[in-house]
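Asks: Next input, structure requested:
(one chain, ligands or ions: 1)
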Amino acid sequence: MGIKVNEFQKTITLHTQNTSYQMKIGNLDYLIHLYYGPTIPDVDLSYQIKQYDRGFSGNPYESRNARTFSLDAQPQEFSTQQQGDFRAASIEVVNGDGSYSFNGRVVDYKIKKGKYCLETMPSVFATESDTADTLEVTLEDAVTGVQVILIYGVFEEADMITRAVKVKNTGTKSIQLQKIMSTCLDFLNGSKMDLISFPGRYGQERQVERQPMTHHIHTIGSVRGTSSHQQNPFVILCDRDVSEDYGNCYGFSLMYSGNFLAEAELDQYDQIRFGMGIHPKQFSFEIKPGEVFEGPEVVMAFTTKGLTGLTHLYHDFYRKNLCKSKFVKDVRRPVLINSWEAAFMDFDDVKLVEIAKAAKEMGVELLVMDDGWFGKRDDDNSGLGDWYVNEKKIKCGLHKLVEQINDLGMKFGIWFEPEMVSEDSDLYRTHPEWTMEIPGRPAVRSRNQLVLDMSREEVQDYLIKEVNSILNDANIYYVKWDINRSLADIWSNAQPAEKQGEVYHRYILGLYRVMDQIIKTHPDILFEGCSGGGGRYDPAMLSYYPQYWVSDNNHPIDRLKLHYGTSFVYPISTMGAHISDSGKFVPLRTKAVVAMCGTFGYELDATHLSKEEQKICKEQSDLFRKYYHIIFEGDYYRLSNPFEVGNMTAWQHVLKDKSESLLSVVVTNLTCNGPQEYVKAKGLDPMAFYSINDGEAIYSGAALMNAGIPIDREIPEYTAFQFHMKKID
Ligand code: GLA
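Replies: This is a model prediction of the structure:
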């Protein structure tokens, strides 16, 4: 059992294989946080906390004249409100009497075998090979009866701890919840820590930023209604000396697709408080007596093995415990071609069949019909919401089109953007009240489209019915689920004025319901998420879709940064990556090497390629299939940082048993008459010898890792190299 209670010490210690996490029911029954780090025995770590009379700090009334215990300085599992702790709060609640106060003390705890499930939101699950346990600690405010239930999931072998929170109103009056953080982690000394986040923008998602913690609240979050292009709900706190291979790192990954907030505060005593959860912007949720509000899950990891060690923990966990699709491990994902950059909305059934025929020669297995096939949709000003086939374009009908593609020996995929509506659509004309528009104010347009009110059950039911009916109508193997704008005009016609603060969150709950129902009805379909590229790339989405489109930016050199940033937490098997026309001066082979750091496919008009180009593509598709198991199951290593000035970007996948590896290098900037460059491999067996590219050379594992591979200099610009390494028995 990974959860140990010591009733005498009043400590509860969570143990995974290599980490421990300790809390204690402390003075006045406050739940004190004591430790998260490398494994320790069940000793009481409260000796770490020294109490002083610090000027100006508040003391609980029960302390009477003793002035040393102040919540402002205690490390806690969840903060109070208006009790003298002035740091970033875990909760803000308005009680039935109008007071803003929560004074949570421990009243109960329970330990359960297995991993908890959340009722309204996705969460990670335990498989048969996991030892997983659940701890629930209930904090209660004695005056109002408001309870906060802290939930912890402990995955022993995976070295992961999850946290979630429920707020239960056991009082007699309704309360308004205005802020709720799913996790609060207090570090006793954080002055020498760095914060790493993944900011970006459309076309440049998940770039990497590392900053030293200074004395203020560092906030990372989204108020765009989606987890967003601009920030990602994944944050790392690490020691300042952390590198890829060495050092203490903490990861926090939030399973939520809407507005989120991560707050890291370095306080006056150099302690850090880290909180993560739903963003409090325009959030006010009524909890009536007897009702429970559930917050999303945070997946936490700690390692001493640097950023690569942290990445391996998340990759392994998310590949196994996040998504139940058969495409995660049982069925190989097909090499696809997508019609978007080939034809945009200018296609018909004949054109699609032509693309498919040409793509077949390139080793492609799946044709995806992207935007433009439905309603009246010749440009992006109309049609969204009308999820029926436009027979002016698909003249033979969907069923026949799919048959023609299947007759070529290929599979068929289709694009949807269910959450959106065009004003010029039958849906909008019939149900204008289903759109998010604040009464009396014209709505903000973005890509000339409006947002459907996903919080409404009728809207959810409509989408479930319409999308399912298309999926039932033909032999559809793949669905790309897109959302192409941020939310604004947050208003639901289905809610009274005083409940509009619930709409952002209810939107996300509605979305999860729709996806859940559609995916459960079609478990054999491969789903890929998309949001104007990678604008909603988060673990909650990845619990539904095994893959997500990284970015609309297909330029292979930009992609080096995009894949690098995305790889910190999200497995390579989730990263949608295609070869397109973008990158005029970059050889096709280099584009392929880059797209192999992901799900691999094409996004171009295959009919325009020469026979020679088609042949290169066929070779690359075959190589991807050959290396698939290494790319999808291997440990991933970032061998260089594309954000630093350098001449090349390199990365590597290594099978767990070290028997095979694929090392890729893209030369981005060759200097004239420059020095010889080497790439050092990682993760190999130092005692073994490896055959390189089917016998081109044989090198020792130790040499490959310590001396490296020399990279040819006499090469054209943007040349890429792939070194497939196979251990010799
Ligand atoms: C978004 C996606 C693209 C494509 C278009 C279609 O931008 O990211 O891949 O599907 O929408 O409108």
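Asks: Check which element follows the longest helix seen in the chain along the chain.
Replies: For the chain, the longest helix by residue count, based on DSSP state H, is helix 611-633. Sequence-wise, the next helix or strand downstream of helix 611-633 (DSSP states H and E) is strand 635-638.
Asks: Please list the residues outside that following strand that contact it.
Replies: 244, 307-308, 311-312, 315, 564, 567, 571-572, 651-656, 682-683 (CB atoms under 8 Å, 6 or more residues apart in numbering). Backbone N, C-alpha and C define where each C-beta goes, glycine included.
Asks: Whichever residue of the chain sits closest to the ligand - how many residues pack around it?
Replies: Taking CB to the nearest ligand atom as the measure, the point where the chain comes nearest the ligand is D371, at 3.4 Å. Per other CB atoms under 10 Å, the neighbour tally for D371 reads 19.
Asks: secondary structure class for the residue nearest to it when sequence neighbours are not counted?
Replies: Spatial nearest neighbour of D371, chain neighbours left out: W415 (5.3 Å); criterion: CB to CB, 6 or more residues apart in numbering. Using DSSP: H, G, I helix; E, B strand; the rest coil, the structure places W415 in strand.
Asks: what about G84, neighbour count?
Replies: With other CB under 10 Å as criterion, G84 counts 15.
Asks: Correction: the previous question concerned G646.
Replies: Other residues close to G646 by other CB under 10 Å number 13.
Asks: before we move on, back to that, measure the residue nearest to D371 to F374 for me?
Replies: Separation of W415 from F374 (CB to CB, to the nearest Å): 9 Å.
Asks: Between the two, which has more neighbouring residues?
Replies: Neighbours were counted for W415 and for F374 using other CB under 10 Å; F374 has more, 25 against 21.
Asks: residues in contact with the more buried one?
Replies: Residues counted as contacts of F374 (CB under 8 Å, 6+ apart) are G383, D386, W387, Y388, V389, N390.
Asks: and what of L560?
Replies: V594, P642, T649, V666, T668.
Asks: that's a helix at it, yeah?
Replies: Yes. Judged by three-state DSSP, L560 forms part of a helix.
Asks: Near the ligand, which residues of the chain are found?
Replies: Taking CB under 6 Å from any ligand atom as the contact definition, the chain meets the ligand at W340, D370, D371, W415, D482, N484, C530, G532, G533, W549, D552.
Asks: Would you format the residues you listed as JSON lines with secondary structure, distance to V451 and pLDDT included?
Replies: Output for those, formatted as JSON lines (DSSP: H, G, I helix; E, B strand; the rest coil; distance: CB to CB, whole Å; pLDDT from 0 to 100):
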{"residue": "W340", "secondary structure": "helix", "distance to V451": "22", "pLDDT": "98"}
{"residue": "D370", "secondary structure": "coil", "distance to V451": "21", "pLDDT": "98"}
{"residue": "D371", "secondary structure": "coil", "distance to V451": "17", "pLDDT": "98"}
{"residue": "W415", "secondary structure": "strand", "distance to V451": "18", "pLDDT": "98"}
{"residue": "D482", "secondary structure": "coil", "distance to V451": "13", "pLDDT": "98"}
{"residue": "N484", "secondary structure": "coil", "distance to V451": "10", "pLDDT": "98"}
{"residue": "C530", "secondary structure": "coil", "distance to V451": "16", "pLDDT": "98"}
{"residue": "G532", "secondary structure": "coil", "distance to V451": "13", "pLDDT": "98"}
{"residue": "G533", "secondary structure": "coil", "distance to V451": "18", "pLDDT": "97"}
{"residue": "W549", "secondary structure": "strand", "distance to V451": "20", "pLDDT": "98"}
{"residue": "D552", "secondary structure": "coil", "distance to V451": "20", "pLDDT": "98"}
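Asks: Columns distance to L237 on top of those residues, output as CSV?
Replies: Below are the residues of the chain next to the ligand laid out as CSV (distance: CB to CB, whole Å):
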residue, distance to L237
W340, 38
D370, 39
D371, 40
W415, 38
D482, 33
N484, 33
C530, 30
G532, 29
G533, 27
W549, 29
D552, 31
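Asks: Go ahead and build a PyMOL selection from the buried members of those residues.
Replies: Only the buried entries of the residues of the chain next to the ligand go into this PyMOL selection, using 16 or more other CB atoms under 10 Å:
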select buried, resi 340+370+371+415+482+484+530+532+533+549+552
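Asks: gap between stretch 320-338 and the chain center?
Replies: Distance, stretch centre to chain centre, for stretch 320-338: 16 Å (CA atoms, centre = their mean, to the nearest Å).
Asks: in it, what's buried?
Replies: Going by neighbour count (16+ other CB under 10 Å), the buried part of stretch 320-338 is 320-323, 325, 327-328, 333-338.
Asks: What of stretch 155-175?
Replies: In stretch 155-175, residues buried by neighbour count (16+ other CB under 10 Å) are 155-156, 158-169, 171, 175.
Asks: So what's the residue count around R445?
Replies: Residues near R445, counting by other CB under 10 Å, number 14.
Asks: what about it, distance to G634?
Replies: Counting by CB to CB - R445 and G634 are separated by 45 Å.
Asks: the helices in the protein, which residues?
Replies: Under the criterion DSSP H, the chain contains helices at 306-321, 340-343, 349-361, 398-407, 426-430, 457-473, 503-521, 539-544, 556-566, 588-595, 611-633, 701-706.
Asks: Deepest in the core, which of those is it.
Replies: helix 539-544 (a mean of 26; mean count of other CB atoms under 10 Å).
Asks: now for that one, which elements pack on it?
Replies: helix 503-521, strand 526-529 (3 or more CB pairs under 8 Å, 6 or more residues apart in numbering; DSSP states H and E).
Asks: among the ones you listed, which is nearest P539?
Replies: Nearest to P539 among the helices and strands packed on helix 539-544 is strand 526-529 (11.3 Å), distances taken as CB to CB.
Asks: As PDB, could you dump the C-alpha coordinates of that closest one?
Replies: Written as PDB, here are the backbone C-alpha positions of strand 526-529 (Å, rounded to 0.1, in the frame of the first residue of the first chain):
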ATOM      1  CA  LEU A 526      -9.200   7.000 -34.500                       C
ATOM      2  CA  PHE A 527      -9.800  10.600 -33.200                       C
ATOM      3  CA  GLU A 528      -7.300  13.400 -33.600                       C
ATOM      4  CA  GLY A 529      -7.800  16.700 -31.700                       C
END
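Asks: centroid residue for the chain?
Replies: By CA atoms, centre = their mean, the mean C-alpha position of the chain lies nearest to D538, the distance being 2.3 Å.
Asks: so what's that residue closest to, chain neighbours aside?
Replies: Nearest non-adjacent residue to D538, counting by CB to CB, 6+ apart: S227, 4.2 Å away.
Asks: do the same with D426
Replies: Spatially, and ignoring its direct neighbours in sequence, D426 is nearest to D386 (5.1 Å; CB to CB, 6+ apart).
Asks: could you list every residue that touches that neighbour?
Replies: F374, G375, K376, R377, S425, D426, L427.
Asks: doesn't D371 make contact with the fourth one?
Replies: Pointing back at R377 there. Yes. Between R377 and D371 there is a contact under CB atoms under 8 Å: 7.1 Å.
Asks: okay, and the common contacts of those two?
Replies: Counting by CB under 8 Å, 6+ apart, the residues touching both R377 and D371 are M345.
Asks: ok, back up a step: could the helices and strands packed on helix 539-544 go into JSON lines alongside distance to V451 and mean pLDDT?
Replies: Formatted as JSON lines, the helices and strands packed on helix 539-544 follow (distance: least, CB to CB, whole Å; pLDDT from 0 to 100):
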{"stretch": "helix 503-521", "distance to V451": "8", "mean pLDDT": "98"}
{"stretch": "strand 526-529", "distance to V451": "17", "mean pLDDT": "98"}
